[in-house]
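Q: pasting the sequence and the predicted model now:
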Amino acid sequence: MLVVYTITPELRVKFKEPFGILVKGSFDQTMAKMREIKTQDSPKIISVGDIVTKNLQTYNIPPDLAITDNQCMRKKVQSTTYTSKAIKVKNPQGTITKEAIEAIKDALKSSEHNHIVVDGEEDLLTLIAVLYAPENSVVVYGQPYEGIVLVKVSPEKKTKASEFLKEMEKGSKS
């Protein structure tokens, strides 16, 4: 398992801020917003996190790619497979591995729904999803105690994700 990126203490603080648009509210309210977005022309919907993925499924908005780790706020949750094609990868907390990057890239090229199950932590994989998703795709993840964050993939968001990864790369070399 090759770790390509490691979060730095400085970036850990930055990552607490939403990377996209924060949609506050209950599951009903946040999923209503997701349903609205689904009707727009988004090539892919990518969910990162167990609760947001479960809610998308419950509200019949299946993501094209789900990335989960069977944990919610560091506590185990019941594992669920959302497609017949579950891909398992290792990605330790606070890192991004080559294995996880390749799995996301491959899944995003597929026309099938895919589910990546992470042994470790999936949070930082949001950056990889934004970097490799087609433009206008939506990456969605949970913002604890507030709602969900929607990241509309654009050249600007890809640049910002790339800048974060460059900072993390420096952390990996120290």
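A: Looks like it arrived, so ask away.
Q: report the helix or strand with the lowest average pLDDT across this structure.
A: strand 75-76 (a mean of 65; mean pLDDT, DSSP states H and E).
Q: just the buried residues of the longest helix seen in the chain, please?
A: Using DSSP state H, we find that the single longest helix of the chain is helix 155-173. For helix 155-173, burial by neighbour count (16 or more other C-beta atoms under 10 Å) applies to 157-158, 160-161, 164-165, 168, 171. The way it works is simple: take the backbone N, C-alpha and C, and place the C-beta from them, glycine included.
Q: and that helix, what does it pack against?
A: strand 3-6, helix 9-14, strand 95-97, helix 125-132 (3 or more C-beta pairs under 8 Å, 6 or more residues apart in numbering; DSSP states H and E).
Q: out of those, deepest packed?
A: helix 125-132 (a mean of 24; mean count of other C-beta atoms under 10 Å).
Q: where in the protein is pLDDT low?
A: By pLDDT under 70, the weakly predicted segments of the chain are 39, 72-84, 170-174.
Q: now with 90?
A: 1, 8-17, 25-29, 31-43, 62, 70-86, 111, 144-145, 168-174 (pLDDT under 90).
Q: ends of stretch 53-62, how far apart?
A: 8 Å (C-alpha to C-alpha, to the nearest Å).
Q: so Pro18, which of the three states?
A: coil (DSSP: H, G, I helix; E, B strand; the rest coil).
Q: give me the number of residues near the residue nearest to it when sequence neighbours are not counted?
A: Once flanking residues are discounted, Pro18 sits nearest to Val149: 4.4 Å by C-beta to C-beta, 6 or more residues apart in numbering. A count of nearby residues for Val149, using other C-beta atoms under 10 Å, gives 22.
Q: try Thr58
A: Neighbour number of Thr58 under other C-beta under 10 Å is 10.
Q: the one 3 residues further on now?
A: Around Ile61 sit 16 other residues, with neighbours defined as other C-beta under 10 Å.
Q: confirm that it sits in a strand.
A: No - counting by three-state DSSP, Ile61 falls outside a strand, being coil.
Q: contacting residues for it?
A: 31, 34-35, 38, 45 (C-beta atoms under 8 Å, 6 or more residues apart in numbering).
Q: any idea which of the residues you listed is closest to Ile21?
A: Checking those against Ile21 with C-beta to C-beta, the nearest one is Met34 at 11.7 Å.
Q: right, and the closest one touches Gly147 too?
A: No - counting by C-beta atoms under 8 Å, Met34 does not reach Gly147; the two are 10.8 Å apart.
Q: give me the subset of the contacts of Ile61 lying in helices.
A: 31, 34-35, 38.
Q: now the residue positioned nearest the centre of the chain: how far from Glu17?
A: Residue closest to the average C-alpha location in the chain (C-alpha atoms, centre = their mean): Val48, at 3.0 Å. Distance of Val48 to Glu17, computed by C-beta to C-beta, to the nearest Å: 16 Å.
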